[in-house]
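> model this:
(one chain, ligands or ions: 1)
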Amino acid sequence: MRLLLIEDDVSLCKSLTVDLERAGFAVDMANDGEQGEYLGMTECYDIVILDLGLPKLPGLDVLKQWRRANNNVPVIVLTARDAWHEKVDGFKAGADDYLGKPFHIQELLARIQALIKRLSGQNRQKLSTCGVELNEDQQTLMLDNLHSVELTDVEFRLLRYFMLHQGKVISKTELTEHIYSCDHDPDSNVIEVYINRLRRKLSKDMITTRRGQGYVFGKPS
Ligand code: CA
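Modelled structure (predicted):
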């Protein structure tokens, strides 16, 4: 999952990035509204964390501009604690959720996970399908309720993306865009290597290759 964090408090931004990366997100940062607005329109993000008080362009205007341009990326706004009008304004401008500052990182992570699941139609506590269950807190995989399997950082990101988009054809480019941040420029052949490793940990037929198109996750019917 690729995440855009727009926050002008640089030290908060850096510490959040560390926690978010640890939780398996590829994170891009923007420290002002203009840069954030631009990144959100030009890159593919699965979720955006948007502070409202920003230099150059207020967070609310960033959000309004995206929604006007039919950019429906999921957005969690960061508001001042107890500023109920900021929450109302945020929702009116098209926010999906909000969090009052200061907050605990665990609450932000829980809200991100809940929002991603809600929007992908997986309204359940755990990501699970076809005997595969993903534990997002421990970044491990449970197979047929029997064995727990460790995942590397990239394997976890890949598998979560697949599980949230089960049955859809996903191209290598799409996978690359959603599991790496702007700072990385991975060779798309690297993705194949990771997919083959995942296949060994799952079972071979869980990820099907569609020649020239990409990959499909899920047991073939
Ligand atoms: Ca701010």
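> okay, CA-based contacts and neighbour counts for the rest of this
Fine.
> Contacts for stretch 174-185 next, please.
For stretch 174-185, contacts defined as Cα atoms under 8 Å, 6 or more residues apart in numbering pick out 1-2, 25-28, 44-46, 154, 157-158, 161, 186, 188, 191.
> typo on my end, it should be stretch 200-217
Stretch 200-217 has contacts (Cα under 8 Å, 6+ apart) with 132, 143, 149, 162-163, 165-172, 199, 218-220.
> Without its sequence neighbours, what residue ends up closest to residue 31?
Nearest non-adjacent residue to residue 31, counting by Cα to Cα, 6 or more residues apart in numbering: residue 8, 4.3 Å away.
> Same question for the residue of the chain found nearest the ion, what's its three-state structure.
Using Cα to the ion, residue 53 is the residue of the chain that sits closest to the ion, at 4.0 Å. Here residue 53 takes the coil state, with states given by DSSP: H, G, I helix; E, B strand; the rest coil.
> ok, back up a step: any quick ChimeraX command for the buried ones out of the contacts of stretch 174-185?
Command for ChimeraX that selects the buried part of those, burial taken from 16 or more other Cα atoms under 10 Å:
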select :1,2,25,26,27,28,44,45,46,154,157,158,161,191
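> What about the contacts of stretch 174-185, which are in helices?
Taking DSSP state H as the definition of helices, the contacts of stretch 174-185 contribute 154, 157, 158, 161, 188, 191.
> The last one against residue 159, yeah?
No. Look at residue 191 against residue 159 with Cα atoms under 8 Å: they stay out of range, at 11.9 Å.
> what does the helix or strand of the chain with the lowest mean pLDDT rub up against?
Ranked by mean pLDDT, DSSP states H and E, the weakest helix or strand in the chain is strand 127-129, scoring a mean of 81. Residues from elsewhere that reach strand 127-129 (Cα under 8 Å, 6+ apart): 133, 134, 135, 163, 164, 218.
> try it again with 10 Å
117, 122, 133-136, 141-144, 160, 163-164, 166, 218-219 (Cα atoms under 10 Å, 6 or more residues apart in numbering).
> where do the strands sit along this structure?
Taking DSSP state E, the strands of the chain run over residues 2-6, 26-30, 47-51, 75-80, 97-101, 127-129, 132-135, 140-143, 147-150, 169-170, 207-210, 214-217.
> Give me every residue in the chain lying close to the ion.
Residues of the chain lying close to the ion by Cα under 5 Å from the ion are 53, 54.
> Walk me through the domains of the chain.
Listed by automatic domain parsing, the domain ranges of the chain are 2-119, 127-217.
> Span of the last one from start to end?
I take that to be domain 127-217. 14 Å (Cα to Cα, to the nearest Å).
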